[in-house]
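Asks: heads up, no residue letters with this:
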């Protein structure tokens, strides 16, 4: 059974609340959530062989028992169905992969890498890894590439989300060390949220912000975002700037602070350097000048600056909206300057706080698992630092030249300079920009290894060797969250089939590779018996560094629970409050000990809109999905809030293009094009568009929104501009529609059904896969085509889904191109295909997904009825996933309330908003709208 706990209240203002760490109960194992970087603690319920439920860990200081809709359904994704269970290999690209033993698989990988290194050198191979690996996994990947192979070509998908924040912290504060903590939400008098939508991307953290605001209504919240997101709905001031204009806004705010004497000149003089250059730079950055560029009013810019300057405690939060930019580093530096210029850092409620996008991007940064980093925040360009790492690892040297970063790596593979790539726990054939080039790169690369838990990813199609990896609930190690808090992760159940822990796979490979590249003695570098030994080596590497954790080991984490760094030897758990914030003494991790101001660029977006591409496209996450949906896409109820991809536009844009809700458009950029449905959205201004990042070729007939994005990147952080592209849209007539719904059948999990249907998508002008239902999930395929769907395709599809035989009701009208099938099993609706005429798609598809009794509906199953025969309505979109409350249910209750309805009465009557709370902003919006 799954639970979302609220038994632990959040900390009271001004007080730190701790809870005793008790041993997990029998049948429970402590771990963390594998989704966002909040780092929520979870208690996995299991029987030793199978995960049966999950609940929030009341003792974990990141969430105090709370989970979001994704976290509270983790157990539903933790099945063997759709998992990679054993190694697979092919010696030729035109052959299918076949099963191979582990020893043979490791031998093949080691020999192929050794051959490439011998012929082309160590820089002709690369690792591309993930912020979802555990710290121990990251450490050995980094050590294998930099210490054994002798190249810095190890990069990670964290390059796509956090590298600009890393670079901004290093440029200003001297080290990649977020100086704040979640408790600061309770103390901030002004909270500035820029380029982030924590209401959807970090829901548990956002609940704390909402509660802080409720306790202290005088707290000011400013949200900077082109869209009016659920986060912006909470704001006292929403600055809906144009994409790419953040620096102009922050410069103008600093201009106002200086003009009105709201900077702390004494603190600046004592603790910073470089301010005079920035002072001169912002002298001309008036609110009026910024307003013209940003598209907001000068008055609002002044208000934001005054709230920041007047606040005794001011805190900023940022995420991908600032990071995923060609000037992401300077975006962060300009925002950090507001904290430094007012001396609001190092004390409660103050400072610049980067929200981490992935569950262990921080851990990867700590061990140096990027192409330009070294372990423990050492500088790759510093010869003394390289020598320290070489001594730690027992090697002669560590290479000095930075390795290839994410975009550079796949460009190099496309050009033939990288011959072998090892990809672990990530999906570049979906997540990277320049999708056409990425696919060409993977096809051109001589040898591709994929180390992955889930079958069917877009990248898997290009892999020559697939290695099955353990996943959440099956792994041992540590992770670090956004507030520098290290948590122990424990395995609840064994990995299925022959899957192995990521660290073990890497160590097996490294030991096999060492003698093949003439370094037989180096095999001993990877003779770890358990992840605890790897963590101990990582701990030793931090001695004397800003992130010193020499006082930590697994035993401390087991006994005292998650701890923030630094935690040097001799530190006591009782001193945790001392480590909650950094730089309280005004000394920073720069050579001079002073924080640095950076004069930022004045560039905007990489691409400008013009007559050919007049719309500004932005991208982002949905509330209930995660990255490429390899995990969240296995849980049917997580599709309830957003069933299929779409492009959101202002209603005026739909009218200008002659479009209605649900029509199809071709979206074109300078890099590619795809077809999606349109949806009107009041969150966007005219001239703007939004497409979610989650759908790729596994669930859509195209590579998704990243097909539209170019590979321009920040010259400092090398993070690509995944947040913006200039596009145009044009209506597409796709008159042939089809809906397929197949409820789960014995022996065939929905995850396997999705894999089986995925190859069908490319046959159609538009096609999308998803899931529906709750306790009994069903697979759904929505199709729109520009020609009649051939009868032989329909017959093939029916056979694959079991929509044939005596239990199937059929209707065919070839003259009209109409063909229908309904499957009844055990007196209940179990399958559906509507082709050519789909009026009943909404209610009948829902009835099949819910396996409703067929008797009362039987006479209507083939009828072209848009409304259900029982006078009821389809439930439609699910607003509250925790309590399974539909948007239509809430709307009906509001209508019945005749204007007297409020949030509390809806919660009492329907239960909506009493679980994780992520639906509360939408409910409030519905209450505020006219009837």
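Replies: Structure's in. What do you need? Quantities reported herein were computed from a predicted structural model and do not represent experimental measurements.
Asks: Just the buried residues of the top helix by length along the chain, please?
Replies: The longest helix of the chain (DSSP state H) is helix 102-120. Buried residues in helix 102-120, defined by neighbour count with 16 or more other Cβ atoms under 10 Å: 105-110, 112-117, 120. Using the backbone N, CA and C atoms, a C-beta is placed for each residue, glycine as well.
Asks: who does the helix or strand that that helix is followed by touch, helix- and strand-wise?
Replies: Moving toward the C-terminus from helix 102-120, the next helix or strand (DSSP states H and E) is strand 125-129. Packed against strand 125-129 by the contact rule (3 or more Cβ pairs under 8 Å, 6 or more residues apart in numbering; DSSP states H and E) you find helix 102-120, helix 135-143, strand 154-156, helix 406-414, strand 420-424.
Asks: what does the host helix or strand of residue 794 rub up against?
Replies: According to DSSP H and E, residue 794 maps onto helix 791-801. Helix 791-801 is contacted from outside by 740, 742, 756-757, 760, 763, 803-804, 808, 814, 819, 821, 831, 833, 835, using Cβ atoms under 8 Å, 6 or more residues apart in numbering.
Asks: any idea how far residue 836 is from the residue of the chain positioned farthest from its centre?
Replies: Note on the chain: the largest C-alpha distance from the chain mean falls to residue 815, namely 47.5 Å (Cα atoms, centre = their mean). For residue 815, the distance to residue 836 (Cβ to Cβ, to the nearest Å) stands at 10 Å.
Asks: what's the pLDDT at residue 928?
Replies: Here the pLDDT value assigned to residue 928 is 89.
Asks: Tell me the backbone dihedrals of it, please.
Replies: Per-residue torsions, residue 928: phi -80, psi -20 (degrees, to the nearest 10).
Asks: what's it in contact with, if anything?
Replies: Listed by Cβ under 8 Å, 6+ apart, residue 928 has no contact partners.
Asks: ok, so what distance separates it from residue 373?
Replies: Relative to residue 373, and taking Cβ to Cβ, residue 928 is found at 47 Å.
Asks: What of residue 415?
Replies: From residue 415 over to residue 373 (counting by Cβ to Cβ), the distance is 25 Å.
Asks: neighbour-wise, which of those two wins?
Replies: residue 373 (28 against 10; other Cβ atoms under 10 Å).
Asks: bridging residues for the more buried one?
Replies: Here residue 373 sits in beta bridges with residue 379, going by DSSP bridges.
Asks: all numbers from here: first residue = 53
Replies: That works, and once the first residue is 53, the last one we named lands at residue 425.
Asks: wouldn't it be in contact with residue 432 here?
Replies: Yes: the pair residue 425 / residue 432 is scored as a contact, 6.4 Å apart, by Cβ atoms under 8 Å.
Asks: Surely residue 822 is in contact with residue 832?
Replies: Yes: counting by Cβ under 8 Å, residue 822 touches residue 832, with 5.0 Å between them.
Asks: Identify the contacts common to the two.
Replies: 691, 695.
Asks: higher neighbour count, the two?
Replies: Between residue 822 and residue 832, counting by other Cβ under 10 Å, residue 832 is the more crowded of the two (28 against 22).
Asks: before we move on, which element is the more buried one in?
Replies: With DSSP H and E as criterion, residue 832 is part of strand 830-837.
Asks: In terms of helices and strands, where is the residue lying closest to residue 349 once chain neighbours are set aside?
Replies: In this structure, residue 349 finds its nearest non-sequential neighbour in residue 343, 5.7 Å apart by Cβ to Cβ, 6 or more residues apart in numbering. Assignment of secondary structure by DSSP H and E places residue 343 within helix 339-346.
Asks: tell me which residues in that helix are buried?
Replies: Counting neighbours by 16+ other Cβ under 10 Å, the buried set in helix 339-346 is 339, 341, 342, 343, 345, 346.
Asks: so what secondary structure elements neighbour the following helix or strand past that helix?
Replies: On the C-terminal side of helix 339-346, the nearest following helix or strand under DSSP H and E is helix 350-362. Packing partners of helix 350-362 (3+ Cβ pairs under 8 Å, 6+ apart): strand 242-246, strand 272-276, strand 289-291, helix 298-311, helix 339-346, helix 380-394.
Asks: so how far is the last one off the chain centroid?
Replies: If I follow you right, that is helix 380-394. Remark: helix 380-394 is offset 24 Å from the chain centroid, using Cα atoms, centre = their mean, to the nearest Å.
Asks: other SSEs contacting that helix?
Replies: Applying 3+ Cβ pairs under 8 Å, 6+ apart, one finds that helix 380-394 contacts helix 215-224, strand 242-246, helix 298-311, helix 317-323, helix 350-362, strand 366-370, helix 372-375, strand 403-406.
Asks: Try it again at 7 Å.
Replies: Judged by 3 or more Cβ pairs under 7 Å, 6 or more residues apart in numbering; DSSP states H and E, the packing partners of helix 380-394 are helix 215-224, helix 298-311, strand 366-370, helix 372-375, strand 403-406.
Asks: Adding distance to residue 968, mean pLDDT and mean neighbour count, write those out as CSV.
Replies: Converted to CSV, these look like this (distance: least, Cβ to Cβ, whole Å; pLDDT from 0 to 100; neighbours: other Cβ atoms under 10 Å):
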stretch, distance to residue 968, mean pLDDT, mean neighbour count
helix 215-224, 26, 98, 26
helix 298-311, 30, 98, 25
strand 366-370, 19, 98, 26
helix 372-375, 22, 98, 28
strand 403-406, 22, 98, 28
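Asks: The ones you listed into a markdown table, with extra columns for distance to residue 907?
Replies: Listed next are these as a markdown table, based on distance: least, Cβ to Cβ, whole Å:
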| stretch | distance to residue 907 |
| --- | --- |
| helix 215-224 | 59 |
| helix 298-311 | 60 |
| strand 366-370 | 55 |
| helix 372-375 | 51 |
| strand 403-406 | 58 |
